[in-house]
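Enquirer: Model the structure of this input:
(4 chains, ligands or ions: 2)
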Amino acid sequence: MKKASTLRDDFPILNQEVNGKPLIYLDNAATTQKPKVVIDRVSSFLSEENANIHRGVHHLSMNATKAYDQARSAVAKFINANSDNEIIFVRGATEAINLVANSFGKSLLEKGDEILVTEMEHHANIVPWQLVARETGAKVIPIAITDHGEIDLNDFESKINKRTKIASFIHVSNALGTINPAKRMIQILKAKDIPVLLDGAQAVAHQAVNVQDLGCDFYVFSSHKLFGPDGMGVLYGRNELLSKMSPYQGGGDMIEVVSFDGTTFREPPERFEAGTPNISGAIGLKEAIDYINDLGWDTIEKIESSLLKYCTEKLSSIPSLKIIGTAQKKVPVLSFTMGSAHPHDIATILDSKGIAVRAGHHCAQPLMKRLGVSATTRASLSFYNNVEEIDQLGEALEQVSKIFEN
Amino acid sequence: MKKASTLRDDFPILNQEVNGKPLIYLDNAATTQKPKVVIDRVSSFLSEENANIHRGVHHLSMNATKAYDQARSAVAKFINANSDNEIIFVRGATEAINLVANSFGKSLLEKGDEILVTEMEHHANIVPWQLVARETGAKVIPIAITDHGEIDLNDFESKINKRTKIASFIHVSNALGTINPAKRMIQILKAKDIPVLLDGAQAVAHQAVNVQDLGCDFYVFSSHKLFGPDGMGVLYGRNELLSKMSPYQGGGDMIEVVSFDGTTFREPPERFEAGTPNISGAIGLKEAIDYINDLGWDTIEKIESSLLKYCTEKLSSIPSLKIIGTAQKKVPVLSFTMGSAHPHDIATILDSKGIAVRAGHHCAQPLMKRLGVSATTRASLSFYNNVEEIDQLGEALEQVSKIFEN
Amino acid sequence: MDDLSDLYQEIILSHNKRPRNSDPLDPSTGQAEGFNPLCGDKLTVYVRNSENFLETVSCDTDGCAISRASGSIMTTMVANKEIIEVEKLIEDTKLLLTGEDEPEVDLIEHGDMAALIGVRKFPARIKCATLAWHALESALKGNNEATTE
Amino acid sequence: MDDLSDLYQEIILSHNKRPRNSDPLDPSTGQAEGFNPLCGDKLTVYVRNSENFLETVSCDTDGCAISRASGSIMTTMVANKEIIEVEKLIEDTKLLLTGEDEPEVDLIEHGDMAALIGVRKFPARIKCATLAWHALESALKGNNEATTE
Ligand SMILES: Cc1ncc(COP(=O)(O)O)c(C=O)c1O
Ligand SMILES: Cc1ncc(COP(=O)(O)O)c(C=O)c1O
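Expert: Residues are numbered from 1 along each chain as shown, chains lettered A, B, ... in the order given. Ligands and ions are numbered 1, 2, ... in the order given. Predicted structure coming up:
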């Protein structure tokens, strides 16, 4: 097992100064940093192996195709899909949800039908459904959350009815860190035959995900939040559903026969991957998955749960600071407010000390409204962070308090 | 000015052996290779500057946002757009066409309306229109081409009528190399107020493109065919049209205010860039554009036109070989057939000699049908190719002739 | 630390804590909203003016210290002035905050806005400082929305 | 060059030039199309069989030398055989072309298909060699489409 203290060295970006101070990167929920092996793999692909995939008989193309297919297999294993064909490569979680909303939702939904989401969704899991709702006459129904930032399970059950045609909710909250009881909720939904999409954008970097055990129909995430390259993401879909869905984008590679009299489409996953995909992105994502597998979830969870505990205590010791999101089960994401100090001012002050956090609505405006705040400051940690960094964060926040006389 | 003979050294991938022979890469229409500066830029971004863009107050995020915006400016200048806001970053040419078909086409088209394309389109410029046609009741109407592989301009004019609501055609043919008289065609279309999309996927790597001079409403291309990273592409749209178009995908960054009562959207380009984009891809594309600008179109066109001439002569000297696509104006793309030798067998034989070409329908099945072939072999050149490579190609094809007793 | 104390000066913090002229005007002749979708800052500027003269202004801000202070300072600077003077002040302020060259600060001309010059070192925050001024411009022109992007 | 001459042997080239049994069967008891969307190879296999016995087979191929030769050789190997034998031949051929281990070639068992063993060195082309066999399998099962992916 690797020592936590040396893990940082795997991430070249962490070794730099910002505003004269060592960089303390606490914006991992926005995007994670990439280990050197991932960056090097993208580089070596582009400088030694680059070719377009599919249809190519020549050596480079064959090898690129093989590497792309292997990336698909690695992803399938990573989330325990039943088959490689259940893995569709997209740009990111956002595109994956849009794909399902269009290719699955649109044909299913009728006027008056309901799409169940929660009050804590990321905009990526609200807006695509609103767009489909507008076209079909369906409605987006939010499940209430508690003041701790947990899904209100009573409200959840009460919102399920005969018009509920799809449920789509966040596995782990980007703004609060809450780990939702997805498996239990899915059981309830599946008992009523309601298809479920889980937005795993914030889940995959913190815990093992097993889509078959969860029982969801669709699962989505982004590579860039999983230590992999940007411009790459994954849609998992159960084959039974995927194989009945109509294409999303049209173009090369997703067709069987094209003629002006009519066109036939290939089976999934190809049906949903029109045009040249992000090949180096897929190959880089595989490298990131290999890195995580080498490290092991036990190690990651151990480091992260102790960081979460330490950081929660540290922040709680600052009088004017209020942690937003105090669910029982959390990943190391800490949102907070500090009296009259506005999150953007806090973030600017922290940045001047080399500390990168995010301030704002975290693409969750309805959640902010529900919690009665216009914005929060968010520190989101990963396994490469450490307690010294959290101490620095604490000190900087004390100074914020001083400046704003909280 | 750089010497052509040293240009190869800028492309690390070219310096390798395939099947024991030096790689001769003649599959540039499928994807181009990347100069070292591009690969290094992607690498340095990921290892020193990686952050999510927008909304980030901290140093890394601000700089990443700036670099992303600069990439947009570089693209705008490269194709002479009127404003940076007319440049939308997408995955590739395929996605760009799908975006226009959906956000522009769908609201415009009614039952019986006609979408004008040509018989030489890539599937990427057929299938998205067929999908919208299916939803709206419009029809996709192909303009005939001549036996030389040029657009039949009489047929073009005769196909324009009152029901013609959009024209979308290929600027340069990926299968034949034909450079279409886009400007002249656009003038005719615009005189009748018909909006025009130009598919520039194969044009941008061979000649300067000036969207304002061409007069098109939309222009699309892929970064990976322009010496840039994969998973990145560009939609240019005239602001007047873009600003009226409804969103394509929904999610973060493209919204103004999200609530369950209703959501408002930002102006272009953000409206059309939902979720985290391919940031390193955009930054790498800028580097590719800088590389091309340094090299200069004069140099590129000079090299390529002499390569085209040389290669055309070499291939024409092989008795059984028939060049498919003999337009007056061409980029250095040569499709051909050879008697009873099937393109896949030809490609395999060439590959055994280290020569990478493509065999098949080149994502242009209707074109193949029109020309009465089921597939062709295609050698597509770039400025880093040279006459020695073409000589090798010629020799290998002589051997193909021998094997198949043509 | 120097840049930081430059930014969060006493005068800024005081305007942030107790913004001047933050109540909606009644009666008013115009108003405009300012919105920065990148960070969520939101404000409304109210004006009471004739064709040539700006009588009074208020600015109600939901946002960071920089945007609140900037709006508050603005209201104290532009009231009771000829429109033509106000327009010049708007231009001067934009130049002060965003001009390419390091500005020469004229305490008479720039007034308390001079305190905001520290924002130049914080590019991410410049739009916070200009938001109220853009909204004022819109309100005077009879538009009712302004965003800084 | 050795791999290449292995692949394009005399016997393959001859089957490619003059495929055996390439006309549609009439009457036939079943047929299936084979299609490789990656390269466009297309073929139709026709069978005339009873429950236990395969009387005759034909294969009409629009494709490369490998797929044409493979289909042609197949028709000469499987006709006039018990279905059970044919099924074994199909399995053996798949193993010959795609099995993990380097196969031992049995000229009696594999017949002319042994000539196609060279394709193992050309992974991109293996599906060309198996396409006809997949289609035969489909035709015997009463399915009418097979694709190799
Ligand atoms: C003319 C043309 N249009 C569109 C495309 C699609 O490009 P991409 O696969 O990068 O989306 C291609 C690529 O093959 C092309 O050659
Ligand atoms: C919970 C959640 N869902 C979806 C997304 C969208 O991911 P992307 O922007 O990579 O498409 C994010 C990213 O912020 C997220 O946190």
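Enquirer: C:P24 touches C:Y46, doesn't it?
Expert: Yes: the pair C:P24 / C:Y46 is scored as a contact, 5.5 Å apart, by CB atoms under 8 Å. All C-beta spots, glycine's among them, are computed from the backbone N, C-alpha and C.
Enquirer: what is in contact with the two at once?
Expert: C:Q31, C:S58, C:D60 (CB atoms under 8 Å, 6 or more residues apart in numbering or on different chains).
Enquirer: how about those residues in CSV, adding pLDDT?
Expert: Converted to CSV, the shared contacts of C:P24 and C:Y46 look like this (pLDDT from 0 to 100):
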residue, pLDDT
C:Q31, 94
C:S58, 97
C:D60, 97
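Enquirer: Return a PyMOL selection command for the buried portion of the residues you listed.
Expert: Per 16 or more other CB atoms under 10 Å in any protein chain shown, the buried members of these correspond to this PyMOL selection:
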select buried, chain C and resi 31+58+60
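Enquirer: Of the shared contacts of C:P24 and C:Y46, which belong to helices?
Expert: Residues of the shared contacts of C:P24 and C:Y46 located in helices (DSSP state H): none.
Enquirer: what's the closest of the shared contacts of C:P24 and C:Y46 to D:L95?
Expert: C:D60 (79.0 Å; CB to CB).
Enquirer: Is that closest one in contact with C:N21, as I believe?
Expert: No: with contact defined as CB under 8 Å, C:D60 does not reach C:N21; the gap is 9.1 Å.
Enquirer: Near ligand 2, list only the ones from the shared contacts of C:P24 and C:Y46.
Expert: Among those, no residue sits close to ligand 2 (CB under 6 Å from any ligand atom).
Enquirer: May I see the shared contacts of C:P24 and C:Y46 organised as CSV, with distance to B:E313 added?
Expert: As requested, those are arranged in CSV below (distance: CB to CB, whole Å):
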residue, distance to B:E313
C:Q31, 74
C:S58, 79
C:D60, 76
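Enquirer: Which members of the shared contacts of C:P24 and C:Y46 occur in strands, if any?
Expert: C:Q31, C:S58, C:D60 (DSSP state E).
Enquirer: Next, find the distance separating A:E95 from B:S320.
Expert: 47 Å (CB to CB, to the nearest Å).
Enquirer: picking that back up, looking at C:P24 and C:Y46, which one has more neighbours?
Expert: C:Y46 (25 against 10; other CB atoms under 10 Å in any protein chain shown).
Enquirer: ok, how many other residues are close to A:E17?
Expert: 10.
Enquirer: Let me know whether it touches A:L23 as I believe.
Expert: Yes: assessed by CB under 8 Å, A:E17 is found in contact with A:L23 at 6.6 Å.
Enquirer: Look at A:E95 and B:S320 and report which has more neighbours.
Expert: Just comparing A:E95 and B:S320: by other CB under 10 Å the higher neighbour count belongs to A:E95, 27 against 17.
Enquirer: what about the more buried one, distance to B:V90?
Expert: Distance, A:E95 to B:V90, using CB to CB: 10 Å.
Enquirer: so which residue of chain C comes closest to chain A?
Expert: With CB to the nearest CB as the measure, C:C64 is the residue of chain C nearest to chain A, at 3.9 Å.
Enquirer: how close does A:E150 get to ligand 2?
Expert: 16 Å (CB to the nearest ligand atom, to the nearest Å).
Enquirer: That residue against A:G325, yeah?
Expert: No: look at A:E150 against A:G325 with CB under 8 Å: they stay out of range, at 9.0 Å.
Enquirer: joint contacts of those two?
Expert: With CB under 8 Å, 6+ apart, A:E150 and A:G325 have common neighbours A:T178.
Enquirer: The two: which has the busier surroundings?
Expert: A:G325 (24 against 21).
Enquirer: Now do the contacts for the nearest residue to that one once chain neighbours are set aside.
Expert: Closest residue to A:G325 apart from its sequence neighbours, by CB to CB, 6 or more residues apart in numbering or on different chains: A:L176 at 2.9 Å. Taking CB under 8 Å, 6+ apart as the criterion, A:L176 is in contact with A:M120, A:G149, A:I324, A:G325, A:A327, A:K330, A:V333, A:S335, A:L367.
Enquirer: Same question for A:Q328.
Expert: Counting by CB under 8 Å, 6+ apart, the residues that A:Q328 touches are A:H148, A:E150.
Enquirer: Report pLDDT for it.
Expert: pLDDT for A:Q328: 97.
Enquirer: Walk me through the domains of chain A.
Expert: Following automatic domain parsing, one finds the domains of chain A at A:4-30+A:297-405, A:40-293.
Enquirer: Quick one: closest of those to D:S5.
Expert: Nearest of the domains of chain A (CB to CB): domain A:40-293, 17.9 Å.
Enquirer: any low-confidence regions in the chain?
Expert: Since you didn't name a chain, this refers to chain A. A:1-5, A:55, A:406 (pLDDT under 70).
Enquirer: wait, I meant chain C there
Expert: Using pLDDT under 70, chain C drops low at C:1, C:38, C:145-149.
Enquirer: ok, which stretches of it are strands?
Expert: C:30-35, C:42-49, C:53-62, C:81-82, C:145-147.
Enquirer: so of those strands, which one's packed in deepest?
Expert: Of the strands of chain C, the one with the most neighbours on average (mean count of other CB atoms under 10 Å in any protein chain shown) is strand C:42-49, at a mean of 23.
Enquirer: Just the residues contacting that one, thanks.
Expert: Here strand C:42-49 has contacts from A:374, C:24-25, C:27-36, C:54-63, C:67, C:71, C:83, C:131-132, C:135-136, C:138-140, using CB under 8 Å, 6+ apart.
Enquirer: How far off centre is that strand?
Expert: 11 Å (CA atoms, centre = their mean, to the nearest Å).
Enquirer: Give the pairing partners of that strand; include direction for each.
Expert: Using DSSP bridges, the strands paired with strand C:42-49 in its sheet are strand C:30-35 (antiparallel), strand C:53-62 (antiparallel).
Enquirer: mind giving me a markdown table with the ones you listed and columns for distance to A:K402?
Expert: Output for these, formatted as a markdown table (distance: least, CB to CB, whole Å):
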| stretch | distance to A:K402 |
| --- | --- |
| strand C:30-35 | 30 |
| strand C:53-62 | 23 |
